[in-house]
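*Asks:* Sequence first, then the predicted structure, then my questions.
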Amino acid sequence: MQYTQLGRSGLKVSRLVLGTMNFGPETTAEDSYGIMDAAHAAGINYFDTANVYGRSKGHGATETIIGDWFAQGDGRRERTVLATKLYGAMGDWPNEGKLSALNIRRALDASLKRLQTDYIDIYQFHHVDRDTPWDEIWQAIDVAVAQGKILYAGSSNFAGWHIATAQAEARRRDLLGLVSEQSIYNLLTRQVELEVLPAAQANGVGVIAWSPLHGGLLGGVLRKQNEGRRRLEGRAAETLATHRDAIEAYESFAAELGHEPGDIALAWLLTRPGVTGPIIGPRTRDQLDAGIRALDVHLDDAALARLDEIFPGHKTAPEHYAW
């Protein structure tokens, strides 16, 4: 396993992040335990979850599965860099969502109980809260750090200017601020190259890429369709129709390189400046093994240039659209 520092922090994390969103609704608790054990065996120490994960099993179900796994002992919690998130509403009453000081306190305590731990390594804002001032947010986080309940703060789905503002307000309070930002980033979705990546790099924030395979569209979807192993509907089918020529070229290029398309997509993200690593969210042990395989893929300059031809990226703003 390869490791790197998370942003400007002293925290060392694996280049692959284990996403747990499927634990519960798609993957049984027992199978989830097996996947987490296998992740540790492979050297993955960075696990990501959220208080709202659980879908059909109910909010909090995924955190509960992780907590039950920690309770099995044998150093499981100690070997894990644990990241969870808050923002989404956990109930119907006011103050059961977003980033008010009240919800930060209540949501954090509830996550700690479900996760069966006394601290969270990285407590992340799942979305920007336009209704709550940063003075209030950072004061609540400062209290949580002082209590020993969290060690670091992170964000998700922030724009570049949100990251810059959050860091400026944290510095004004002599706080560390954000150490990570989770953004959608893959070969098909490269808008973060305009401002999010530059803002994160300038402010010492490590970027975690979610949806690295764009819902499976970069994982060999055309071949799987031809083999009858995959059927797309709704938005995924529309996206495939829009980008079919590019995806066909991409799958052909992956075959030329002798690698699976999904391996190429993950390996490409590992070459991106400012990216700590992609989140892999396996439903099965085989999917976990496939994600780990990407660490052995080397993309030379010619391969990276060809990928840019197939899926054009963005220059840093404003050079992308102005002189």
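*Replies:* That came through fine.
*Asks:* which stretches of the stretch 201-323 of the chain have low pLDDT?
*Replies:* Counting by pLDDT under 70, the stretch 201-323 of the chain contains low-confidence ranges at 228-231, 233.
*Asks:* how about the strands in it?
*Replies:* 206-210, 275-280 (DSSP state E, counting those that start in this stretch).
*Asks:* residues in contact with the last one?
*Replies:* The set of residues external to strand 275-280 that reach it, using C-beta atoms under 8 Å, 6 or more residues apart in numbering, is 4, 6-7, 13-19, 46, 48, 180, 182, 185, 197, 206-212, 266, 269-270, 287-288, 291. To be clear about C-beta, it is placed using only N, CA and C from the backbone, and glycine gets the same treatment.
*Asks:* contact partners of stretch 119-130?
*Replies:* Applying C-beta under 8 Å, 6+ apart, the contact partners of stretch 119-130 are 6, 11, 50, 52, 80-88, 98-100, 108, 111-112, 137, 141, 144, 148-159, 162, 179-180, 182.
*Asks:* in it, what counts as buried?
*Replies:* Residues of stretch 119-130 classed as buried: Tyr119, Ile120, Asp121, Ile122, Tyr123, Gln124, Phe125, His126, His127, Val128, Asp129 (neighbour count, 16 or more other C-beta atoms under 10 Å).
*Asks:* hmm, which two among those are most spread apart?
*Replies:* Greatest spacing in these, by C-beta to C-beta: Tyr119 and Val128 (24.7 Å).
*Asks:* on that earlier part again, of the contacts of stretch 119-130, which belong to strands?
*Replies:* Mapping the contacts of stretch 119-130 onto strands (DSSP state E) picks out 81-86, 150-156, 179-180, 182.
*Asks:* quick check, nearest of the residues you listed to Asp296?
*Replies:* Of all these, Val81 has the smallest distance to Asp296: 22.9 Å, by C-beta to C-beta.
*Asks:* give me the beta-bridge partners of that closest one?
*Replies:* Partner residues in beta bridges with Val81, using DSSP bridges, are Tyr46.
*Asks:* Neighbours of it, how many?
*Replies:* Val81 has 20 neighbouring residues, counting by other C-beta atoms under 10 Å.
*Asks:* Quick one: residues contacting it.
*Replies:* Leu6, Leu11, Val13, Asn45, Tyr46, Phe47, Asp121, Ile122 are the contacts of Val81 under C-beta under 8 Å, 6+ apart.
*Asks:* could those residues go into TSV alongside distance to Thr27 and pLDDT?
*Replies:* Compiled in TSV, the contacts of Val81 are given as follows (distance: C-beta to C-beta, whole Å; pLDDT from 0 to 100):
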residue	distance to Thr27	pLDDT
Leu6	26	98
Leu11	27	98
Val13	23	98
Asn45	20	98
Tyr46	19	98
Phe47	14	98
Asp121	23	98
Ile122	23	98
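*Asks:* Nearest to Glu319 among the buried residues of stretch 119-130?
*Replies:* Nearest to Glu319, judged by C-beta to C-beta, of the buried residues of stretch 119-130 is Val128 at 25.3 Å.
*Asks:* contacting residues around the closest residue to Gly88 other than its chain neighbours?
*Replies:* Residue nearest to Gly88 in three dimensions, not counting chain neighbours: Val52, with 3.9 Å by C-beta to C-beta, 6 or more residues apart in numbering. By C-beta under 8 Å, 6+ apart, Val52 lies in contact with His59, Gly60, Lys85, Gly88, Ala89, Met90, His126.
*Asks:* what about the helices in this structure?
*Replies:* Using DSSP state H, the helices of the chain run over 29-41, 61-70, 101-115, 134-146, 160-172, 196-202, 221-226, 234-242, 244-257, 261-270, 285-293, 301-310.
*Asks:* Of all the residues in the third one, which ones are buried?
*Replies:* This points to helix 101-115. Ala101, Asn103, Ile104, Arg106, Ala107, Leu108, Ala110, Ser111, Leu112, Arg114, Leu115.
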